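In: kindly generate the corresponding structure for this input.
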Amino acid sequence: MNHDAMDHSRHEMPHPSRVAVPAEQHSRTPIPAITPADRAAAFPDLPAHDMHQGGSHFMFVADELEWQDANDGSTLAWNLNGWWGGDIDRLAFRSEGERTNGHTEEAELQLLWSHAIGPWWETVAGVRQDFKPGSPQTWAAFGIQGMPLYGLETEATAFIGEGGQTSLRLEAEYDMLLTQRWVLQPKAEVNLHGRNDASRGVGAGFSDASIGLRLRYEINRQLAPYVGVSWTRAYGNSADMLRSEDEDTSEARLVAGIRFWF
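Out: Have a look, this model is predicted:
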């Protein structure tokens, strides 16, 4: 077969540059350039966040309000705190104590001014008033509180009392979320004193330590009943004072209470 004699004109493909484009596919209206007004309409200024408007807020927390099965009888114990103010500066209070068989064994109140020095830390300074044990006593208080690790709440507070008495208290607690409603909270506290004070049953040096473990059920985030155990032990001169009075130097208690905040 003579291929040279064949007519290939019917099989030629049109060159892309010669393909006609229908008139309706041509853009008749050019896209306008974006103007500053268009950008402003697409990205309007957002209103200021409430937390940065300088408003004042408040919070009250009953961290512990509980019955304890003590060696000397039934005990009502409390650990309350709260604050009022803004994001940086706040007026805060702390109160803790216990009553056994209708008699107040321990009671104290702290009024503090707190100042945030970072996202997770704040300094505190103010006064502490002891009502029991012994005669009332006033202390100057200063310290720091915050979260060195996520969820670990810590407090370190130093006190200077009347007559040159000094004290240091270290506290830490952590909420372990077992489920969305069950929370296990370990807690520890250590107290050190600069001088012996027989009227209040405290000795110089490492005075006492306590450990608690509480399991709570959060009916909602603001209300949670709980049960647990607590253990306290006196050391050094404080333990010697208890032994001289034929008192136990350590004690374990069952506790049941309710935690709430607003």
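In: OK, contacts around the residue nearest the centre of the chain?
Out: Centre of the chain computed as the mean C-alpha position; nearest residue by C-alpha atoms, centre = their mean is residue 153, 5.3 Å away. Contact partners of residue 153, counting by C-beta atoms under 8 Å, 6 or more residues apart in numbering, are 145, 146, 147, 172, 173, 174. Every residue, glycine included, has its C-beta placed from N, CA and C.
In: surely it is within a strand?
Out: Yes - counting by DSSP: H, G, I helix; E, B strand; the rest coil, residue 153 is part of a strand.
In: of the contacts of residue 153, closest to residue 244?
Out: Set against residue 244, the nearest of the contacts of residue 153 by C-beta to C-beta is residue 172 (31.4 Å).
In: returning to that earlier point: most surrounded residue in the contacts of residue 153?
Out: Using other C-beta atoms under 10 Å as the neighbour test, the contacts of residue 153 are led by residue 145, with 19 neighbours.
In: for it, give me phi and psi.
Out: phi -150, psi 150 (degrees, to the nearest 10).
In: so how far is residue 134 from the closest residue to it other than its chain neighbours?
Out: Using C-beta to C-beta, 6 or more residues apart in numbering and skipping the chain neighbours, the partner closest in space to residue 145 is residue 155 (4.4 Å). Distance, residue 155 to residue 134, using C-beta to C-beta, to the nearest Å: 24 Å.
In: of those two, who's got more company?
Out: A direct count of neighbours by other C-beta under 10 Å for residue 155 and residue 134 places residue 155 higher, at 17 against 13.
In: need the contact list for residue 201.
Out: If a contact means C-beta under 8 Å, 6+ apart, then residue 201 has 133, 238, 241, 242 as its contacts.
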